[in-house]
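A.B. asks: pasting the sequence and the predicted model now:
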Number of protein chains: 2
Amino acid sequence: MVKSDVKVLGAWPSPFVMRARIALNIKSVDYEFLEETLGSKSELLLKSNPIHKKIPVLIHQDKPVCESLIIVHYVDEVWSSGPSILPSDPYDRAIARFWAAYLDEKWFPSMRGMASAQGEEAKKAAVDQFVEGLNLMEDAYVKLSKGKPFFGGDKIGYLDIAFGCFLAWLRVTEKTSGMKFLDEARTPHLAKWAVSFCADPAVKDVMPETEKLAEFAKLLAKFKPAPPK
Amino acid sequence: MVKSDVKVLGAWPSPFVMRARIALNIKSVDYEFLEETLGSKSELLLKSNPIHKKIPVLIHQDKPVCESLIIVHYVDEVWSSGPSILPSDPYDRAIARFWAAYLDEKWFPSMRGMASAQGEEAKKAAVDQFVEGLNLMEDAYVKLSKGKPFFGGDKIGYLDIAFGCFLAWLRVTEKTSGMKFLDEARTPHLAKWAVSFCADPAVKDVMPETEKLAEFAKLLAKFKPAPPK
C-alpha cells in the first residue's frame, strides 16, 4: 500500500480543519485524514505544531504546515491540479485576505461571544455585534461576487473557504439560540451563497450535518479535561 | 506637481506602519507619507479603513489596502522593481507567514503584557513569557537564515520586516524596564541580526531613534482622549 505523502491532522467538527480539507479537495489532492481525539493531543500533533499544539496541521512530504489560512495559501501555491483558490489580481487578493482576517479576528470571536455572554444586556450587545458583522459580510459579498455565485466568482475561492467553514457552527448557533441569522430577510445574498457553498463538490463531504454537530456541541459544553496528575 | 499614486496613512512611531514603508523602500517605490495625528483620525483614514479605522493604510491608485502584513504581500506582488520580499519556495513562504502571525498574535502582545502586568508575580510571568518568545525567534533565525545575515537570506524579507519593525519598541522596553532582552549573551544571533536590519538602506530612515520613541512612549502613557462631547 502506498503511503500518502499528504496528511491532515484534524477533527471533523473544526471549521479550521475544514479549510485545509476543502482546499485539498479543490485541487483533487488525495490525503490521509488523521483524526485527533477530543481532549488529548497526539504525539504527531505535538511534534508537528510545537508552538500552538493546534489542529489543523497539513503534513506534506513529512514537513508540517500550520494555521488554516496559511495551509490554504500553501495548497494553492503547491498544486496546480485544480482552479486557483486565491484571486489572480493582487488587489483582489489583498481584499480577500482582509476579510478572511476580519472573520478570524472579529467575526468568529463575536459568534463565540454570544454563547458566553452573561446577562440580558451583554447577550443583546453580543448579538448586535455578531449581526453587524454578518451585515458587513453581506455587503462584501454583493461587492466582491459581482453577481456570480461565490465571493471568488464562478468557483469557490479563498474567502468562500474562510467564511463558509463556519456555516455548520452558525446553524448550530441558530438552533441553540432559537434565532435566525442567515436568512432570506436579513441576508438574502449570503443565504443563497451558503446553499451553493454547501452543495459544492469540494465542500459537501466535509461539511458536518447540523444535527450531528449540535450533539457534539453539547458534548463539548460538558467536557472538562481531567486535572493534571 | 505630479500627485503620487502611492500614499501611506501612518504615524512614525507605529511598528505596523514601518512594515509598509520598508516594503515600499525595498521596491524603490516613491510614496507620499500622510501622518495621522495622535488622538484623532483623518477623514481619509475613516473612509479608507472603515472597518478597523487603523493605520497603516496603503492607498494605491485611490484604492486602499489595510493591515500591515497584507500590505507587505500586496507591495511584493504589485512591484517587481526590487528583490522579492516573500521567499520564492511555497514551504519557506508558509514558514515565514507562520512566524509573522506568531509575532502579531503572541509575541508582540506579550511585550505589551510586560508593561501592563500588575504585581511582582504577574510581572515575572509576563517577562518569562516574553523571553520564551524571543528564544523561539532566536532558534527560528538560526534555522531559517542558514548562516546568512537575514531570515530571508542575503536580503531582508517578509519575516525580517514582520519582526524587525518591533526593534525600536524593544529598545524602549529595555530602557524603561532596565532589563536587557536582545543581547550577546541571551540571543547572540538576533543581536547581530538586529544591527544588520537597522543598518539596511530600506530600514534606516524609517526606524525611530530610541530616545525619540521613549519620549513618545511617555507622552502616550499620559495621553487620554478627550471625553466625547
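C.D. replies: Looks like it arrived, so ask away.
A.B. asks: all strands of chain A, in order?
C.D. replies: Counting by DSSP state E, chain A has strands at residues A:6-10, A:32-35, A:57-60, A:63-66.
A.B. asks: skipping adjacent residues, who's closest to residue A:13 in space?
C.D. replies: Nearest residue to residue A:13, sequence neighbours excluded (Cβ to Cβ, 6 or more residues apart in numbering or on different chains): residue A:216, at 4.9 Å. (Each C-beta comes from the backbone N, C-alpha and C, glycine too.)
A.B. asks: go ahead and confirm that neighbour touches residue A:168.
C.D. replies: No - Residue A:216 lies out of contact with residue A:168 (Cβ atoms under 8 Å); the separation is 10.0 Å.
A.B. asks: okay, now the residue nearest to residue A:90 when sequence neighbours are not counted: neighbour count?
C.D. replies: Leaving out its chain neighbours, the residue that sits closest to residue A:90 by Cβ to Cβ, 6+ apart is residue B:77, at 4.0 Å. As a burial measure, residue B:77 scores 16 neighbours (other Cβ atoms under 10 Å in any protein chain shown).
A.B. asks: make sure residue B:77 is actually in contact with residue A:91.
C.D. replies: No - assessed by Cβ under 8 Å, residue B:77 is found out of contact with residue A:91, at 9.1 Å.
A.B. asks: what residues does chain A put near chain B?
C.D. replies: Within chain A, the positions near chain B by Cβ under 8 Å from any Cβ of the partner chain are A:51, A:60, A:63, A:65-67, A:70-71, A:73-74, A:77-78, A:90-91, A:93-94, A:97-98, A:101-102, A:136.
A.B. asks: need the buried ones from these selected in ChimeraX.
C.D. replies: Listed next is the ChimeraX selection for buried residues among the residues of chain A next to chain B, using 16 or more other Cβ atoms under 10 Å in any protein chain shown:
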select /A:60,65,66,67,70,71,73,74,77,78,90,91,93,94,97,98,101,102,136
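A.B. asks: report the longest helix in chain A, please.
C.D. replies: The single longest helix within chain A, with elements called by DSSP state H, is helix A:120-145.
A.B. asks: circling back to that earlier point, and for residue A:216 and residue A:168, which residues touch both?
C.D. replies: residue A:208 (Cβ atoms under 8 Å, 6 or more residues apart in numbering or on different chains).
A.B. asks: more neighbours, these two?
C.D. replies: A count of neighbours by other Cβ under 10 Å puts residue A:168 above the other of residue A:216 and residue A:168, at 23 against 18.
A.B. asks: so where's chain A uncertain?
C.D. replies: A:1-3, A:224-229 (pLDDT under 70).
A.B. asks: so the residue nearest to the spatial centre of it versus residue B:191, what's the distance?
C.D. replies: What sits nearest the mean C-alpha location of chain A, by Cα atoms, centre = their mean, is residue A:165, with 2.8 Å. Noted for residue A:165: a distance of 42 Å to residue B:191, by Cβ to Cβ, to the nearest Å.
A.B. asks: residue A:52 too?
C.D. replies: Counting by Cβ to Cβ - residue A:52 and residue B:191 are separated by 27 Å.
A.B. asks: repeat for residue A:96
C.D. replies: From residue A:96 to residue B:191 the distance is 38 Å (Cβ to Cβ).
A.B. asks: these two: who's more crowded?
C.D. replies: residue A:96 (25 against 16).
A.B. asks: is it true that the more buried one touches residue A:151?
C.D. replies: Yes - applying Cβ under 8 Å, one finds residue A:96 in contact with residue A:151, separated by 7.2 Å.
A.B. asks: now list whatever residues contact both of those two.
C.D. replies: Common neighbours of residue A:96 and residue A:151 (Cβ under 8 Å, 6+ apart) are A:144, A:157-159.
A.B. asks: how about the helices of chain A, start to end?
C.D. replies: Counting by DSSP H, the helices of chain A are A:15-26, A:43-48, A:68-78, A:90-102, A:108-116, A:120-145, A:158-164, A:167-177, A:188-199, A:210-222.
A.B. asks: save the ones you listed as JSON lines, and put in distance to residue B:47 too.
C.D. replies: Putting the helices of chain A into JSON lines (distance: least, Cβ to Cβ, whole Å) gives the following:
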{"stretch": "helix A:15-26", "distance to residue B:47": "32"}
{"stretch": "helix A:43-48", "distance to residue B:47": "44"}
{"stretch": "helix A:68-78", "distance to residue B:47": "27"}
{"stretch": "helix A:90-102", "distance to residue B:47": "15"}
{"stretch": "helix A:108-116", "distance to residue B:47": "24"}
{"stretch": "helix A:120-145", "distance to residue B:47": "15"}
{"stretch": "helix A:158-164", "distance to residue B:47": "22"}
{"stretch": "helix A:167-177", "distance to residue B:47": "31"}
{"stretch": "helix A:188-199", "distance to residue B:47": "24"}
{"stretch": "helix A:210-222", "distance to residue B:47": "40"}
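A.B. asks: and the ones you listed: which comes nearest residue B:56?
C.D. replies: helix A:90-102 (12.8 Å; Cβ to Cβ).
A.B. asks: for that closest one, packing partners?
C.D. replies: Packing partners of helix A:90-102 (3 or more Cβ pairs under 8 Å, 6 or more residues apart in numbering or on different chains; DSSP states H and E): helix A:120-145, helix A:158-164, strand B:63-66, helix B:68-78.
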